[in-house]
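Novice: everything below, folded, please.
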Amino acid sequence: MKKIINASILNADFSNLKDALDQATAAGIDWIHLDIMDGHFVPNISMGPDIAQLCRQLTPLPMDAHLMISNPNDFIPRFAEAGVNLISVHIETDAHIHRTLKNIKDHGCKAGIVLNPGTPASSIEAVMDMIDLVLVMSVNPGFGGQKFIFPVLSKIQQIRKMIDLQKRDIYLQVDGGVDATTLPQAIQAGADSFVVGSAIFRNPVGITQAVRQLKLLLDS
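Specialist: Down below sits the predicted model:
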């Protein structure tokens, strides 16, 4: 599968979001990534369906919403209506994960499953046939700008083997502390979708140059 950069807008300048998205898009980002936090499952509050709808008005790029929330089923319809293409939910939040993944599909979106750094790869074996993406968190979710937790690389390797056994297209995404240093290591471990926030929108070299550097690494 084509390797892709998902630009997380969590640390973008919301006072000039259109310009930030335009710059990132012109530089070659592939997807827009929305970090949805509720202050319960993670110790922070971020954005909701209204921001997703705004982003849909500002960009034609595909969008994926990472729901770091305690009650994802309550919000799946609203994010689908807002124009999100893929919705990811945490394996840790849901005792009825099959129902939740089916809910995502029933609302016309692709479905992703997310694992926190301390959650083993084996936890998602029972839903591999239902998903379009596996998101491996390489930080503990809740805040942008954190440092990459390197032991998750072995988990990425494990999940790559699980995906290959499925013999169908499933993205393996990594999120947290991804930058020009850690991205090549994630690629080597088997990831092909990379959520990047601070290293794009708070990079001293600027958005355009930051994206171009990352895109070059995808092809190296």
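
Novice: residue contacts, the closest residue in space to residue 50 that isn't next to it in sequence?
Specialist: Counting by CB to CB, 6 or more residues apart in numbering, residue 82 is the residue found nearest to residue 50 once chain neighbours are left out, at 7.6 Å. C-beta: built from backbone N, CA, C; applies to glycine. Going by CB atoms under 8 Å, 6 or more residues apart in numbering, residue 82 touches 49, 50, 52, 53, 56.

Novice: for the fourth one, which non-adjacent residue is closest in space?
Specialist: So the one you mean is residue 53. Using CB to CB, 6+ apart, the closest residue to residue 53 is residue 82 (4.1 Å).

Novice: ok, that neighbour to residue 65 distance?
Specialist: Counting by CB to CB, to the nearest Å, the gap from residue 82 to residue 65 is 8 Å.

Novice: on that earlier part again, okay, the residue nearest to residue 53: pLDDT?
Specialist: On the pLDDT scale, residue 82 is placed at 97.

Novice: and it, how far from residue 28?
Specialist: Separation of residue 82 from residue 28 (CB to CB): 24 Å.

Novice: now do the buried residues in the lengthiest helix in the chain.
Specialist: Ranked by number of residues, the top helix in the chain under DSSP state H is helix 152-166. Buried positions in helix 152-166, judged by neighbour count with 16 or more other CB atoms under 10 Å: 152, 153, 155, 156, 159, 160, 162, 163.

Novice: now do the second one against residue 138, distance only.
Specialist: Applying CB to CB, one obtains 8 Å for the distance of residue 153 from residue 138.

Novice: name the residues contacting each of these two.
Specialist: When CB under 8 Å, 6+ apart defines a contact, the residues bordering residue 153 and residue 138 alike are residue 186.

Novice: just to revisit the earlier point, which one of the buried residues of helix 152-166 is nearest residue 88?
Specialist: Among the buried residues of helix 152-166, residue 159 lies closest to residue 88 (CB to CB), at 13.9 Å.

Novice: quick one: that closest one and residue 120 touch, right?
Specialist: No: using CB atoms under 8 Å, residue 159 makes no contact with residue 120, being 10.2 Å away.

Novice: now the helices for this protein?
Specialist: 17-27, 49-58, 76-82, 97-106, 152-166, 183-189, 198-201, 207-219.

Novice: deepest-packed of these, please.
Specialist: Greatest average neighbour count among the helices of the chain goes to helix 198-201 (a mean of 23), per mean count of other CB atoms under 10 Å.

Novice: who touches that helix?
Specialist: 7-9, 11-13, 20, 24, 29, 144-145, 178-180, 207, 210-211, 214.

Novice: again, but for stretch 5-25
Specialist: Residues outside stretch 5-25 that contact it (CB under 8 Å, 6+ apart): 28-35, 46, 51, 54-55, 58-59, 61, 64, 144-145, 173, 175, 193-198, 200-202, 206-208, 211, 214-215, 218.

Novice: which residues are in contact with stretch 117-133?
Specialist: 64, 86, 88, 91-92, 97-98, 101-102, 105, 110-113, 115, 134, 137-140, 149, 151-152, 155, 158-159, 162-163, 166, 169-173, 193.

Novice: where does the chain have low pLDDT?
Specialist: For the chain, the stretches flagged by pLDDT under 70 are 43, 142-144, 220.
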